[in-house]
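Enquirer: Predicted model, plus sequence, below.
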Amino acid sequence: MGSKPNTETDAIRQLIDRRLKTRLSAEVMAHFDEHVDDDSISAFVEGRLDANESAPLISHLVQCSSCRNTTAQLVRLEFQVDQVSEPAGDESPGRMRSFIDSLSARITPSFEEDAVFAYQNPEPEPTESAEEQPPEKLEDGK
Amino acid sequence: MFRHLVVGTALCQYNKRTLTDLRTSATERSEAEFHENLAACAIEIDASYADCVEAYPGFQVSAAKFREALVGAISKYLLSLAEPGTVPSAEHIRRFIDGLQTRDLYLAMACAEGNEQAWWEFDRLYRSFIERWARHLIRNGSEADEVIDSVYADLFGTRLVQGARQSKFVTYKGRGTLRGWLRTVMLHTVVDLYRGKKDEISLEDWIETGDEAMGGLSSTGTRGSEELILVSVVRERYQSATTQALDESLAALDDHETLLLLYYHVDGLKLREIARLVEQPQSPIRRWFQRQSKRRDGNRPARVHESTVMRWLEKVYQKVSESFHEVLANKHGLNPAEIEICKTIAAEDQGQGLRLNARPTGTGESFNTDEI
């Protein structure tokens, strides 16, 4: 630690540490409108994206502290959760049927355009954009 | 002159139209080529479907729907990211399909369609995992139950849009594992839950802001006598030069290097956690740093050790340091003694900042140089 090279490294490391945190506080105020979807984030954290696929994602992570923090949290939590033993699940017969029934009972139409379009197009496919970015996630600003 | 303008505008419009036609033509050619390449992978797609049906015989996802889902994944990850005017080759598509978690995708698709057997299987495979994560993320039992309930409701889709149930499963494309995707979904569900309840997120200081004020570099209040004002002016000059030089040096880094710094210094990931993030041999971050190290393939270790990540970090520090000195010397005209003053002032401010804002996170761990 006391040698010159290490002192130099420590000094620059501390400078970088402080500067990056300073810049982050400014970034927090500048919210991004679009965030990376769950599918891409999980594929990235699992190291399954190739260089072409990950390049735009890495650029986004450098800029967007929210998405980057999500990836960091996932890595950190994976360590912690792995150490906890799995609890035994409830395997009683019929539980899934009643569970699905209870979920089905909660289905509600959205307050949006479905009332207008329902009669025009009874079985529409959800749009790609709706699939990629659930509106509730974007509204929250994540 | 007016005529020239009209002719010029018409020429521009003609050129624009010609360009548009050319582009359309190129797009059509690209599309045709893509479909040709996709068709060349029919055997792999059929084999993949057959494997899923064999694994999950009762799920009743049609071959057409399965193929549609694969094309969706290819479109998202290969087509949209391809260089303009290029299309992924048949071999590239084959490799991509081979890397997809097709059984997970098949299970997710069946669940999205509401197949009861699929839900039973999903519950059997993932219920305990979901519960474990929920109870780890939230200590409060009833709130953890709320998260589990919310995740299941989102996965099932309790909202109708244009008559169709909106299952969250349709957003899963099979690039990563279903388990990894669920982790991400759960984390976001927890964050949304907290956001819904209160403005501030207490989950591990979500979006860690580091030092709130961060005004350390300009917060040294040296006012009073003229001498102190003079000292302050000189100090500010050096502080400004330091900040500019550091920003310029950081901006010159590749995104991979910046991301590594941010994970370590801002998000507080430990070396072993970063090592875990890059443990897959095909990890783009790992491959990028390995390319920089110019190591011979035969010497590459199968596993990335913490010390490897530390070496990567040190190389980035070195790069920043060299650039930092160069900018201060060449752009700001500072001599070595002045550069040392810059670093000393910055170090003093660093000490003040740490005293003011002592936080457990930030730098994930002490950078133990003994481990190098």
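Expert: Great, that's in hand. Numbering: from 1, shown residues only, chains lettered A, B, ... in the order given.
Enquirer: When you work out contacts or count neighbours from here on, use the C-alpha atoms and nothing else.
Expert: OK.
Enquirer: Which element is encountered next along the chain beyond the helix or strand hosting B:Asp154?
Expert: Per DSSP states H and E: B:Asp154 is located in helix B:141-156. Counting by DSSP H and E, the next helix or strand C-terminal to helix B:141-156 is strand B:159-161.
Enquirer: Which neighbours in the sheet does that following strand have, and how are they oriented?
Expert: Sheet pairing of strand B:159-161 (DSSP bridges) gives strand A:108-109 (parallel), strand B:164-165 (antiparallel).
Enquirer: Now tell me which helix or strand of chain A has the poorest mean pLDDT.
Expert: The weakest-scoring helix or strand in chain A, judged by mean pLDDT, DSSP states H and E, is helix A:135-139 (a mean of 35).
Enquirer: So B:Gly58: helix, strand or coil?
Expert: Classification of B:Gly58 using DSSP: H, G, I helix; E, B strand; the rest coil returns coil.
Enquirer: That one reaches B:Gln117, doesn't it?
Expert: Yes. Counting by Cα atoms under 8 Å, B:Gln117 is a contact partner of B:Gly58 at 6.7 Å.
Enquirer: I'd like the distance between B:Ser48 and B:Ala64.
Expert: 13 Å (Cα to Cα, to the nearest Å).
Enquirer: if you count what's nearby, which of the two comes out ahead?
Expert: B:Ser48 (20 against 10; other Cα atoms under 10 Å in any protein chain shown).
Enquirer: List the contacts of the more buried one.
Expert: Residues counted as contacts of B:Ser48 (Cα atoms under 8 Å, 6 or more residues apart in numbering or on different chains) are B:Thr102.
Enquirer: likewise B:Asp154?
Expert: Here B:Asp154 is in contact with B:Ser167, B:Lys168 (Cα under 8 Å, 6+ apart).
Enquirer: which regions of the chain lie under the pLDDT threshold?
Expert: Defaulting to chain A. A:1-6, A:24-33, A:82-98, A:109-142 (pLDDT under 70).
Enquirer: um, chain B though
Expert: Using pLDDT under 70, the flagged stretches of chain B are B:1-26, B:198-231, B:294-302, B:349-372.
Enquirer: do that again at 90, thanks
Expert: B:1-34, B:78-88, B:132-133, B:135-147, B:157-166, B:190-243, B:272, B:275-309, B:312, B:331-372 (pLDDT under 90).
Enquirer: With adjacent residues omitted, what lies nearest to B:Arg94?
Expert: Distance criterion Cα to Cα, 6 or more residues apart in numbering or on different chains; nearest residue to B:Arg94, sequence neighbours excluded, is B:Cys41 at 6.3 Å.
Enquirer: what number of residues lie near the one you found?
Expert: 18.
Enquirer: one step back: determine which stretch of the strands paired with strand B:159-161 is the most buried.
Expert: strand B:164-165 (a mean of 19; mean count of other Cα atoms under 10 Å in any protein chain shown).
Enquirer: Specify the local secondary structure of the closest residue to A:Arg68 other than its chain neighbours.
Expert: Among residues not flanking A:Arg68 along the chain, A:Leu61 sits closest, at 4.9 Å (Cα to Cα, 6+ apart). Classification of A:Leu61 using three-state DSSP returns helix.
Enquirer: number of nearby residues for A:Leu61?
Expert: Residues near A:Leu61, counting by other Cα under 10 Å: 25.
Enquirer: Tell me who's in contact with it.
Expert: A:Cys67, A:Arg68, B:Leu259.
Enquirer: how many neighbours does the last one have?
Expert: By other Cα under 10 Å, the residues close to B:Leu259 number 21.
Enquirer: One more: the first one?
Expert: Applying the criterion other Cα under 10 Å, we find 23 residues in the vicinity of A:Cys67.
Enquirer: same check, this time on B:His305
Expert: Each residue near B:His305 was counted by other Cα under 10 Å, and the total is 16.
Enquirer: and what of B:Leu328?
Expert: Residues near B:Leu328, counting by other Cα under 10 Å: 22.
Enquirer: Quickly note the distance from it to B:Asp247.
Expert: 11 Å.
Enquirer: Same check on B:Ser142?
Expert: Taking Cα to Cα, one finds B:Ser142 at 46 Å from B:Asp247.
Enquirer: Between these two, point out the one with more neighbours.
Expert: A side-by-side neighbour count of B:Ser142 and B:Asp247, using other Cα under 10 Å, places B:Asp247 first with 17 against 11.
Enquirer: Pull the contacting residues for that one.
Expert: A:Arg19.
Enquirer: what about it, which helix or strand?
Expert: helix B:226-251.
Enquirer: Give the next helix or strand downstream of that helix.
Expert: Next element after helix B:226-251 (DSSP H and E): helix B:255-261.
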